[in-house]
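Student: No sequence on hand, only this structure:
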């Protein structure tokens, strides 16, 4: 963020700056899980559905996507990466529904990120916190004041209301996962109600992008290209007469620029 502000006379020496390029090694993280589908089960249900296809979807797109979201949340909602969270002006409790200062909290968070030399473009809010926020009179008044009478508080209208500050997306963390023992169910929230994240997600590189990918935001899900980001595959195990469905990933959500984000402590209860 330095200025090129040195006046140079014609033919004069041009002052030079120096720069150092540092190295960083980030390892992919190989995770796998598989299920054996006995041939008897395949024969029983083959008129209704393909068990192989069904479990490939469960372990592949659904299971791995959920896993990568879990590890992404663990990196973003993390004070080790972004420093201690700044508590909200007013605790996000049901008793404070009329005085929750979400707008002020986000404005202050935007400035904290700017003070670190970055321009935030994203706000991530846990779903329960979001539900409380949209009932707040202050938030409703802000959105209506920015967008006009008749406007309702949604992720889109919140984004539009903050657009002049550079916010291009407001994301709601709704996903849950089962953390119980085998055969049991206990759903836990991936995005804890403890924090709101404000920061710069930056440009999203796609797998098909050509050239050298540039990380211009807070980080990336790095992966081993020969192995793949997320894959579902099948093979036959003759010994147990079963079709094996395996889901696997080498994705590793990694924070590469901790200056590009900050946390709001919601004091939710």
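Tutor: Perfect, I can see it now. Note that the structure is a prediction, hence the values are computed from the model and not measured.

Student: For the residue nearest in space to the middle of the chain, what is the enclosing helix or strand?
Tutor: In the chain, the centroid-proximal residue (C-alpha atoms, centre = their mean) is residue 72; its distance is 5.3 Å. When secondary structure is defined by DSSP states H and E, residue 72 falls within helix 63-76.

Student: Show me what that helix is packed against.
Tutor: Taking 3 or more C-beta pairs under 8 Å, 6 or more residues apart in numbering; DSSP states H and E as contact, the helices and strands that helix 63-76 lies on are strand 31-38, strand 219-222, strand 230-237, strand 242-249, strand 252-255. From N, CA and C alone the C-beta is placed, and that goes for glycine too.

Student: now it: mean pLDDT?
Tutor: Rounded to a whole number, the mean pLDDT of helix 63-76 is 96.

Student: Other residues contacting that helix?
Tutor: Contacts to helix 63-76, defined as C-beta atoms under 8 Å, 6 or more residues apart in numbering, come from residues 31, 33, 81, 124, 173, 175, 177, 190-192, 197, 199, 218-219, 221, 230, 232, 247-249, 251-255, 261.

Student: Only the buried residues of that helix, if you could.
Tutor: The neighbour-count criterion (16 or more other C-beta atoms under 10 Å) identifies 63, 64, 67, 68, 69, 70, 71, 72, 73, 75, 76 as the buried residues of helix 63-76.

Student: How about the contacts made by the residue lying closest to residue 34 once chain neighbours are set aside?
Tutor: In this structure, residue 34 finds its nearest non-sequential neighbour in residue 246, 3.9 Å apart by C-beta to C-beta, 6 or more residues apart in numbering. For residue 246, the contacting residues are 32, 33, 34, 59, 232, 233, 234, 235, by C-beta under 8 Å, 6+ apart.

Student: Now restrict those residues to buried residues only.
Tutor: For the contacts of residue 246, buried by 16+ other C-beta under 10 Å: 34, 59, 232.

Student: looking at it, the second one is touching residue 32, isn't it?
Tutor: No: with contact taken as C-beta atoms under 8 Å, residue 59 and residue 32 are classed as non-touching, separated by 9.3 Å.

Student: between these two, what contacts are shared?
Tutor: With contacts taken as C-beta under 8 Å, 6+ apart, residue 59 and residue 32 have 246, 247 as neighbours in common.

Student: Make TSV out of the helices and strands packed on helix 63-76 and add mean pLDDT and distance to residue 181.
Tutor: Output for the helices and strands packed on helix 63-76, formatted as TSV (pLDDT from 0 to 100; distance: least, C-beta to C-beta, whole Å):
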stretch	mean pLDDT	distance to residue 181
strand 31-38	95	15
strand 219-222	91	29
strand 230-237	93	25
strand 242-249	95	20
strand 252-255	95	26
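
Student: Export these as JSON lines, with columns for distance to residue 160.
Tutor: Formatted as JSON lines, the entries for those read as follows, by distance: least, C-beta to C-beta, whole Å:
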{"stretch": "strand 31-38", "distance to residue 160": "38"}
{"stretch": "strand 219-222", "distance to residue 160": "26"}
{"stretch": "strand 230-237", "distance to residue 160": "33"}
{"stretch": "strand 242-249", "distance to residue 160": "35"}
{"stretch": "strand 252-255", "distance to residue 160": "28"}
